[in-house]
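Asker: Show me how the following folds:
(one chain, ligands or ions: 2)
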Amino acid sequence: MNVLLLGSGGREHAMAWSISKSPKLDKLFIAPGNPGTAQVGENVDLSLSEHQSILEFIETNDVALTVVGPEKPLVEGLTDFLEEKGHKVFGPSKTAAQLEGSKKFANNFMEENNIPTAEYVSFQKEEFDEALSYVKQREEYPVVLKADGLAGGKGVFICETEEEVEKRLVQLKEDAKLSDAAETLVIEEFMEGEEASVFVISDGNTAKIIHNAQDHKRIGEGDTGLNTGGMGAYSPAPVMTKDLMMRVEKEIVLPTISAMLLDGNPYKGILYCGLMITDQGPKVVEYNCRFGDPECQAILPSLKTDLLELLDAASSGELEDIDIEIDDQYRCCVVMASGGYPKAYEKGKEITGIEDVSDDVLVFHAGTALKDSKLVTEGGRVLNVVGSGASLQDAIKSTYAQIKKISFEDAYYRSDIGVKGLAHLED
Ligand code: AMP
Ligand code: GLY
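Answerer: Numbering: from 1, shown residues only. Ligands and ions are numbered 1, 2, ... in the order given. Next up, the predicted model:
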């Protein structure tokens with residue numbers, strides 16, 4: 001079959017690499033893709049917000065399955081648009097994608113269905129004074145302030161004092177970049193614990209856990225500094241013991257999928273459960289309606305099941321017939337970023353050394369471009385280097401031994417990806 005994969009990050013390179021191994025695949029198109037995806041398929045110049053052009057491409061090129069990588073086209077209703085025209089899509093509908101697209105929707109949903117999460121209240125933007133007086137009578141800090149809508153990771157503030165909440169409320173109200181996302185605000189209880197993510201695939205009826213991972217969101221060593229899209233991930237995460245995985249399945253995954261179905265809003269696609277492992281057990285920090293980036297790059301190399309077969313079965317309501325098989329290796333994914341990221345950074349630096357990386361370590365492209373037939377940096381997160389090993393320690397060692405071979409001016413990466421996982425193994 002012909003497949004169209006939408007997106008252009010490291011996640012999409014990993015997905016394209018995995019799909020390209022399938023015997024079911026005839027032709028893989030990636031839109032818009034990156035120089036990495038061009039090695040395993042054909043990049044096509046389509047904008048993800050132009051739904052009509054995507055439809056025309058699908059019809060002209062006999063595409064049997066469209067796979068949506070990032071959240072934005074899902075929240076904008078691309079799945080609904082293409083399905084109405086009779087095409088098969090992997091990714092949730094607009095209303096189901098609200099689990100990620102609206103924090104208030106997700107919080108209400110979890111409250112109604114007794115799915116463990118933080119306590120919360122929500123306010124409309126016009127209720128600025130009410131939000132402030134609510135915070136003033138609160139005694140416990142920190143509190144978490146969130147813009148309701150998609151804010152590219154910039155809409156969440158953990159506030160230590162009342163003054164900080166006030167400052168952030170003003171920022172959410174006035175910052176032009178956040179103002180759409182912040183039409184509604186959510187104020188949440190701060191949950192204490194370690195974070196981990198569980199990735200689930202669903203066809204609307206049946207849900208199956210693929211694997212778990214742990215992301216490293218902060219730019220600096222030891223989880224310090226600004227938040228980023230993710231500086232590295234490892235999988236599996238030892239914090240997610242067998243018992244905890246069973247609890248997550250029973251208390252979070254299955255109730256989520258069945259309640260969505262009962263609400264007439266079936267969830268088809270990847271459900272990313274961002275969790276806090278608290279003293280009382282696992283609680284949901286956030287749902288996302290797609291694979292995590294860079295968690296996907298650490299997880300897909302472990303998947304023994306044919307990814308295309310899996311995505312196709314989920315899109316066709318036939319997930320029940322498929323077993324998900326994962327190998328027994330650990331994977332460590334380290335993100336190489338442009339110096340300065342997540343603030344301003346320069347682009348166009350030549351990247352060298354990828355060809356020297358040993359064959360057992362994967363290099364996925366994220367923010368790269370080809371300029372005068374040279375590979376150059378084009379984004380904040382540039383490359384994802386993924387090593388594997390029988391132990392987490394081996395996976396980490398192998399990744400860091402190879403990443404050294406790649407260079408570009410002002411390259412930056414964290415040297416402690418996976419270290420938190422090792423601490424659990426020593427317990
Ligand atoms: P979100 O976009 O909702 O995932 O939030 C981004 C990050 O903020 C999460 O990965 C957590 O590190 C942190 N966070 C969000 N909500 C909470 C909460 N209620 N308690 C503690 N940390 C939180
Ligand atoms: N790595 C976090 C995310 O994909 O949202």
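
Asker: and stretch 234-247, how far apart are its ends?
Answerer: This stretch, stretch 234-247, spans 21 Å end to end (CA to CA, to the nearest Å).

Asker: whoops, I mixed them up, stretch 91-102
Answerer: Stretch 91-102: ends 17 Å apart by CA to CA.

Asker: Could I get the CA-only coordinates of the helix or strand hosting residue 422 as CSV?
Answerer: Taking DSSP states H and E as the definition, one finds residue 422 inside helix 419-426. Provided in CSV are the C-alpha atoms of helix 419-426 (Å, rounded to 0.1, in the frame of the first residue of the first chain):
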residue,chain,number,x,y,z
VAL,A,419,20.8,8.6,34.7
LYS,A,420,17.6,8.9,36.6
GLY,A,421,16.7,5.4,35.4
LEU,A,422,20.0,4.0,36.6
ALA,A,423,19.2,5.2,40.1
HIS,A,424,16.1,3.0,40.1
LEU,A,425,18.1,0.0,39.0
GLU,A,426,20.5,0.4,41.9
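
Asker: And the strands in the stretch 51-200 of the chain, which stretches?
Answerer: Counting by DSSP state E, counting those that start in this stretch, the stretch 51-200 of the chain has strands at residues 63-68, 89-90, 120-124, 143-147, 156-159, 184-189, 194-203.

Asker: wait, I meant the stretch 301-427 of the chain
Answerer: Applying DSSP E, counting those that start in this stretch to the stretch 301-427 of the chain gives strands spanning 330-338, 362-365, 368-371, 374-377, 381-389, 411-412.

Asker: Quickly compare the strands of the stretch 51-200 of the chain and say which is most buried.
Answerer: Highest mean neighbour count of those: strand 89-90, a mean of 26 (counted as mean count of other CB atoms under 10 Å). C-betas here are computed from N, CA, C, even on glycine.

Asker: Parallel or antiparallel, which strands does that one pair with?
Answerer: The strands beside strand 89-90 in its sheet (DSSP bridges) come out as strand 63-68 (parallel).

Asker: re the thing from before, possible to save the strands of the stretch 51-200 of the chain as a markdown table with distance to ligand 1 and mean pLDDT?
Answerer: Below are the strands of the stretch 51-200 of the chain laid out as a markdown table (distance: least, CB to the nearest ligand atom, whole Å; pLDDT from 0 to 100):
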| stretch | distance to ligand 1 | mean pLDDT |
| --- | --- | --- |
| strand 63-68 | 20 | 98 |
| strand 89-90 | 23 | 98 |
| strand 120-124 | 8 | 92 |
| strand 143-147 | 4 | 92 |
| strand 156-159 | 4 | 92 |
| strand 184-189 | 4 | 92 |
| strand 194-203 | 6 | 98 |
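
Asker: Can you check which of those strands gets nearest to ligand 2?
Answerer: Closest to ligand 2 of those, according to CB to the nearest ligand atom: strand 194-203, at 7.6 Å.

Asker: got the CA positions of that closest one in PDB?
Answerer: Extracted in PDB, the C-alpha atoms of strand 194-203 (Å, rounded to 0.1, in the frame of the first residue of the first chain):
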ATOM      1  CA  GLU A 194       8.600  11.300  39.000                       C
ATOM      2  CA  GLU A 195       7.300  11.700  35.500                       C
ATOM      3  CA  ALA A 196       7.000   8.900  32.900                       C
ATOM      4  CA  SER A 197       5.000   8.300  29.800                       C
ATOM      5  CA  VAL A 198       3.000   5.300  28.600                       C
ATOM      6  CA  PHE A 199       2.200   5.000  24.900                       C
ATOM      7  CA  VAL A 200      -1.000   3.300  23.900                       C
ATOM      8  CA  ILE A 201      -2.500   2.500  20.500                       C
ATOM      9  CA  SER A 202      -6.300   2.300  20.100                       C
ATOM     10  CA  ASP A 203      -8.800   1.600  17.300                       C
END
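
Asker: partner strands of it, parallel or antiparallel?
Answerer: Sheet pairing of strand 194-203 (DSSP bridges) gives strand 207-215 (antiparallel), strand 268-278 (antiparallel).

Asker: now for the ones you listed, which one comes closest to residue 400?
Answerer: Of all the strands paired with strand 194-203, strand 207-215 sits nearest to residue 400, with 17.0 Å by CB to CB.

Asker: by how many degrees do that closest one and strand 330-338 diverge?
Answerer: On the basis of axes from the mean of the first three to the mean of the last three CA atoms, to 10 degrees, strand 207-215 is oriented at 50 degrees to strand 330-338.

Asker: After strand 207-215, which helix or strand is next?
Answerer: strand 218-220.

Asker: That following strand and ligand 2, any residue contact?
Answerer: No. Using CB under 6 Å from any ligand atom, strand 218-220 stays clear of ligand 2, coming no nearer than 11.6 Å.

Asker: taking the mean pLDDT, what do you get for that strand?
Answerer: Average pLDDT, strand 218-220: 97.

Asker: And for stretch 162-174?
Answerer: 88.

Asker: What are the buried residues along it?
Answerer: Buried residues in stretch 162-174, counted by 16 or more other CB atoms under 10 Å: 164, 165, 166, 168, 169, 172.
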